[in-house]
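Participant: below is the structure, and that's it, no one-letter string:
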């Protein structure tokens, strides 16, 4: 019958504190391995920022 629909806009959305994970890989990591690390991080979050040559930020 009559279902209630709640619209969530940026103004009414509950505030969430940002959680950012900084990942550092060993120095002289092969490029292919670094790419694999980035792919694994992308499985955790759609927001991954590569910080070449061996680091990344991930929005959790």
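Facilitator: All right, it came through fine. These numbers were taken from a predicted model, which means no experiment stands behind them.
Participant: host element of residue 38?
Facilitator: Per DSSP states H and E: residue 38 is located in helix 31-44.
Participant: again with residue 57
Facilitator: Per DSSP H and E: strand 55-59 holds residue 57.
Participant: what angle do that strand and helix 31-44 make?
Facilitator: Compare the direction of strand 55-59 with that of helix 31-44 by axes from the mean of the first three to the mean of the last three CA atoms, to 10 degrees and you get 10 degrees.
Participant: hmm, back to that, list the buried ones in the helix holding residue 38?
Facilitator: Across helix 31-44, burial judged by 16 or more other CB atoms under 10 Å covers 34, 37-38, 41. (Each C-beta comes from the backbone N, C-alpha and C, glycine too.)
Participant: ok, then the element right after it?
Facilitator: Following helix 31-44 in sequence order, the next helix or strand is strand 48-51 (DSSP H and E).
Participant: who does that following strand pair up with?
Facilitator: Using DSSP bridges, strand 48-51 pairs in its sheet with strand 55-59 (antiparallel).
Participant: list the buried ones in the partner strand?
Facilitator: Within strand 55-59, the residues scored as buried using 16+ other CB under 10 Å are 56, 58.
Participant: one step back: hmm, who's touching the helix holding residue 38?
Facilitator: 23, 25, 29, 48, 50, 52-54, 56, 58, 60 (CB atoms under 8 Å, 6 or more residues apart in numbering).
Participant: any idea which of these is closest to residue 16?
Facilitator: The closest of the contacts of helix 31-44 to residue 16 turns out to be residue 60 (CB to CB; 10.5 Å).
Participant: ok, how many other residues are close to that closest one?
Facilitator: 9 (other CB atoms under 10 Å).
Participant: residues contacting it?
Facilitator: So residue 60 contacts 19-21, 44-45 (CB under 8 Å, 6+ apart).
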